[in-house]
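>>> Predicted coordinates and the sequence they were generated for:
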Amino acid sequence: MCTKFSIFALLLTTDDLKWVNQCLRDNKDAGVSQEIIRKYCVCMNKKMDDNETRSISVWEKANPRARAACDKESGWK
């Protein structure tokens, strides 16, 4: 039986998972559910170029439109 997480994991590369996991750690104390944080981090990762070397948490500061779009998509208030 596949869980949401295992299906989600199949859609990401190893590099994507590294960045998303770092984003999850960076936002663990954000005061929102892990589900919302995961959705946000995946959204941001999708918006980033595959050759980006900055973490999601650093990249988001330089890309406020992407951040706003992922806030909305993830339900982060």
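That came through, no problem. Numbering: from 1, shown residues only.

>>> Surely Q34 is in contact with L24?
Yes: at 7.2 Å, Q34 counts as touching L24 under the criterion of Cβ atoms under 8 Å. Quick note: C-beta positions are derived from backbone N, CA and C, even for glycine.

>>> Which one of these two is surrounded by more residues?
L24 (16 against 11; other Cβ atoms under 10 Å).

>>> mind listing what that one touches?
Counting by Cβ atoms under 8 Å, 6 or more residues apart in numbering, L24 makes contact with Q34, I37, R38, C41.

>>> Any figure for the gap between it and R65?
According to Cβ to Cβ, to the nearest Å, L24 stands 22 Å off from R65.

>>> ok so, going back, top of the contacts of L24 by neighbour count?
Within those, neighbour counts (other Cβ under 10 Å) peak at C41, which reaches 25 neighbours.

>>> Next, the contact list for that residue, please.
Contacts of C41 by Cβ under 8 Å, 6+ apart are W19, V20, C23, L24, N27, I56.

>>> between these, which is nearest K77?
Within the contacts of C41, proximity to K77 (Cβ to Cβ) peaks at N27, which comes in at 13.8 Å.

>>> List the contacts of the closest residue to the closest one other than its chain neighbours.
Of all residues not flanking N27 in the chain, I37 sits nearest, at 4.8 Å (Cβ to Cβ, 6 or more residues apart in numbering). Applying Cβ under 8 Å, 6+ apart to I37 gives the contacts C23, L24, N27, K28, A30, S74, W76.
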